[in-house]
Structure formats: structure tokens, C-alpha cells
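Participant: sequence first, then the predicted structure:
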Amino acid sequence: MKEILLGVNVDHVATLRQARGTTYPDPVHAAAVAEHAGADGITIHLREDRRHIIDRDVYVMAKTLQTRMNLEIAVTEEMLNIALEVKPAYVCLVPEKREELTTEGGLDVAGQLDKLKDAVSRLSAAGIKVSLFIDADKSQIDAAKAVGAPYIEIHTGCYAEAITDAEQQAELARITDAVKYAHGIGLVVNAGHGLHYHNVKPIAAIAEIYELNIGHAIVARAVIDGFAKAVADMKKLMIEARLGV
Ligand SMILES: CC(=O)[C@@H](O)[C@H](O)COP(=O)(O)O
Ligand SMILES: NCC(=O)COP(=O)(O)O
């Protein structure tokens, strides 16, 4: 049984902090608790509008994380320069629209090959492992391979937001096919967005998935159960899925 890793996204600990402009709760503290509870990495999305994670969080976590940072950023000069200065273990390039409530879809790699090739090349030259946040779409997977990204993260939002069982099963089949195809052409395949305690197991059971990045649901559960238990419970579900229990 291949282990599946959990990247805990602490963005929405910062959402609570930004809601009042206080210094608490601190996503740096939450990240330390998550790592102690079994997180294999910490994911943070530094959005252009800094609605949750702010620059200070990135620079402090670069010094304090015991596992590794997966920094999600848009493909802009501002963000690329921050990534090249901080040099996190991983950078995941994501699409971003200021008006969106949350990430709405995958990055259009196929439609901007030269721009992505340049970004991937610059980040990789700095020793950063680059992932592209894309839809479960073979043309986008091929494009990710073409621009030299070693990792992709399949957007699971359509699966998570499916209304009927039939729709969810269709999205699961689409994701499964995409993961296996991407793995088959040599990409390391992660997945994430909208996963929670009641929908994570079928995704975690896909053997070729390397890591799941999960945030909103863990932070929401932590409000009731505490952060350590929320992380540990999610990791337990993922391991159970891999064991087929
Ligand atoms: C890229 C992705 O799916 C998540 O990291 C998401 O972007 C979390 O941040 P928001 O909730 O601000 O969209
Ligand atoms: N890339 C997905 C991620 O980091 C967390 O997404 P969500 O679980 O907050 O929807």
C-alpha cells in the first residue's frame, strides 16, 4: 500500500484573523500544531489581495515549519519574485481572480505554454519543486508535462460540489482517469479543493495520488474539535482509504 500524504492548508485560520485585523489566530501556530498532529506538509495560498495569508506568514513559516511549505501563488511577477526569495520546497501555480470566493477552476496551462514554461523554469532553477493546479483534463495534463512541471494537483472542486450521486461518481471517474493518465506519463499527482471528512475517502483510495491538500474542511472541523484532532482524523480517513477499510 503506497502511503498518501496530507498537506494541511491553513489559509482559513488566517481568514479568521483577518476578519477583525487581530494577530490571532496565527496560521503559524496552527501549522505547528498540524505538523505535530501528522501533517506531512503545510500549504498556504498567498493571494494578490492578501484576504487571508499575508506576506509575514510566508516569511515566518519559511523559518518555522518542520515539514515543508507548499506555497500557492498566481503566475505574476510579484508572486514569482516572492517565491524566488523565500524558496519554499514546493510552489503550486494556481489561477486567481480577485472577485472569486475561492479558486474556481484549474490553471489554463495549454493556453499559456510560454508563460508557464518560463515560470516553471525560473522556479525549478531555484531548486523549487513546481506543481500546476489543473482540472482533470488530459490536454492540461499534457501541457503541464510540456512546460516541464514535475508535479500537478488535480482540482477536485467539481467532485466536491457535485449535487447528485451520479454526478459525483462521474466526477470521481474523470479524476481517476486523469490521475492514472498523468501518473503514466511520469508526473507526480496531487489533488485538492473542497475535500472534507465525508468525501475524501474515494479520492484518497486512488493509488496513484501522492498527496492531498486539504484546508477549509479541517479548519471548519477544528472550530469544534480542535486543530490537532481535526488533522489527525483527516489523516486517519486517508490511511483507511488506502487500506481499503
Ligand atoms: C488552490 C486551492 O484550491 C486552494 O488552495 C484554495 O485556493 C484555498 O484558498 P481560497 O479558499 O482562498 O481559494
Ligand atoms: N489546493 C487545495 C488546497 O490547498 C485546499 O483547498 P480547500 O481544502 O481549502 O478547498
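Facilitator: Great, that's in hand. Ligands and ions are numbered 1, 2, ... in the order given.

Participant: and the strands in this structure, which stretches?
Facilitator: 5-9, 41-45, 69-73, 90-93, 129-134, 151-155, 188-192, 209-214 (DSSP state E).

Participant: helices or strands next to the shortest one in the packing?
Facilitator: Judged by 3 or more C-beta pairs under 8 Å, 6 or more residues apart in numbering; DSSP states H and E, strand 90-93 is in contact with strand 69-73, helix 113-125, strand 129-134, strand 151-155. From N, CA and C alone the C-beta is placed, and that goes for glycine too.

Participant: then that strand to CSV, C-alphas only?
Facilitator: The C-alpha coordinates for strand 90-93 follow below in CSV (Å, rounded to 0.1, in the frame of the first residue of the first chain):
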residue,chain,number,x,y,z
TYR,A,90,7.1,23.4,-3.4
VAL,A,91,5.3,26.1,-5.3
CYS,A,92,1.9,25.3,-6.8
LEU,A,93,0.8,27.8,-9.6
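
Participant: which bits of the chain sit near ligand 1?
Facilitator: For the chain, the residues in contact with ligand 1 (C-beta under 6 Å from any ligand atom) are Asn9, Asp11, His45, Arg47, Glu72, Val94, Thr102, Thr103, Phe133, Gly192, His193, Gly215.

Participant: quick one: contacts for the spatially closest residue to the last one that is not a sequence neighbour?
Facilitator: This points to Gly215. Closest residue to Gly215 apart from its sequence neighbours, by C-beta to C-beta, 6 or more residues apart in numbering: Asn9 at 2.6 Å. By C-beta atoms under 8 Å, 6 or more residues apart in numbering, the contact set of Asn9 is Ile42, Thr43, Ile44, His45, Gly192, Asn213, Ile214, Gly215, His216, Ile218.
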